[in-house]
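**Q** Any chance you could fold what I've pasted below:
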Amino acid sequence: LKENTADEDLQEDLIELQMSEGLYDDAIATAEALLTVTKDPYQAVVRQLKIGDIRQRSGKRDLALDAYDLALAKVGNGTWLEKEIFAQIDQVFRREDDIAGLKEHFVKLKETHSGRIGIQRKLVDILAELGEKEAATAAFAEILTLTPGDRAIREDYVDTLAQMELTDKAAEQLEALIALYPEDGELLIKL
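**A** You can find the predicted model right below:
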């Protein structure tokens, strides 16, 4: 590697070898060095995620979350990378059965990345899981104001209301959708 400093594949192989040997601090240092020379934005995000994964494996939860949060700032709304980052963050907290901590983390992310629908949508799911129906409904109402006219999100809202057993509100929203799309028979069946 010293002779071939520009060989990124070799650096990635070294990271894997260090991880397999349990040399997590060395793997993190190598991964961070690789990240500093990475020019491709996509590869930079993937390598940032790798740093988070190594930190998570080595028991450095807060540093892993920092790495995931940095990666999130570099990806677009609704991308598969955004969803992957959410999954990694979710895994960190669920590993310790800390759903309340997961909620707090997504509340902070929402404040940092205001208007980012994916974060808000994930927060709705967490609130619903915690049984905080009013907060989940309010959070979803906020999403609806940010995405007026988005049928898929409105249908998702109906499904979320139904899952939380708020059938009256779900029926009300379905009736509004039927008024907008009277030719769609599936909405009637769903109602």
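**Q** for the protein, which residue is closest to the average position?
**A** Nearest residue to the geometric centre of the chain (C-alpha atoms, centre = their mean): Phe86, 2.0 Å.
**Q** Tell me the pLDDT of the closest residue to that residue other than its chain neighbours.
**A** Of all residues not flanking Phe86 in the chain, Lys122 sits nearest, at 5.4 Å (C-beta to C-beta, 6 or more residues apart in numbering). The way it works is simple: take the backbone N, C-alpha and C, and place the C-beta from them, glycine included. pLDDT, Lys122: 93.
**Q** Look up phi and psi at Glu21.
**A** Note on Glu21: its backbone torsions stand at phi -90, psi 0 [degrees, to the nearest 10].
**Q** State the distance from the residue nearest to the centre of the chain to Asp156.
**A** 16 Å (C-beta to C-beta, to the nearest Å).
**Q** next one: Asp69
**A** 25 Å.
**Q** With Arg57 instead?
**A** 34 Å.
**Q** now Asp97
**A** Asp97 is 27 Å from Asp156, by C-beta to C-beta.
**Q** So the two - more neighbours on which side?
**A** Asp156 (16 against 9; other C-beta atoms under 10 Å).
**Q** what about the more buried one, which SS state?
**A** helix (DSSP: H, G, I helix; E, B strand; the rest coil).
**Q** Next up, the contacts around it.
**A** Arg121 (C-beta atoms under 8 Å, 6 or more residues apart in numbering).
**Q** can you offset everything so residue one is 709?
**A** In the new count, where the first residue is 709, that last one comes out as Asp864.
**Q** Run through the strands of the chain in chain order.
**A** Assigned by DSSP state E, the strands in the chain number zero.
**Q** Tell me where the longest helix sits in it.
**A** helix 749-765 (DSSP state H).
**Q** which residues touch Ser766?
**A** 732-733, 736.
**Q** Same question for Leu780.
**A** By C-beta under 8 Å, 6+ apart, the neighbours of Leu780 are 790, 793, 817, 821.
**Q** The residue nearest to the centre of the chain touches Gly826, doesn't it?
**A** Yes: counting by C-beta atoms under 8 Å, Gly826 is a contact partner of Phe794 at 6.8 Å.
**Q** and Ala808, how far is that from Gln828?
**A** Taken as C-beta to C-beta, the span from Ala808 to Gln828 is 18 Å.
**Q** next one: Ala887
**A** 26 Å.
**Q** quick one: which of these two has more around it?
**A** Neighbours were counted for Ala887 and for Gln828 using other C-beta under 10 Å; Gln828 has more, 20 against 9.
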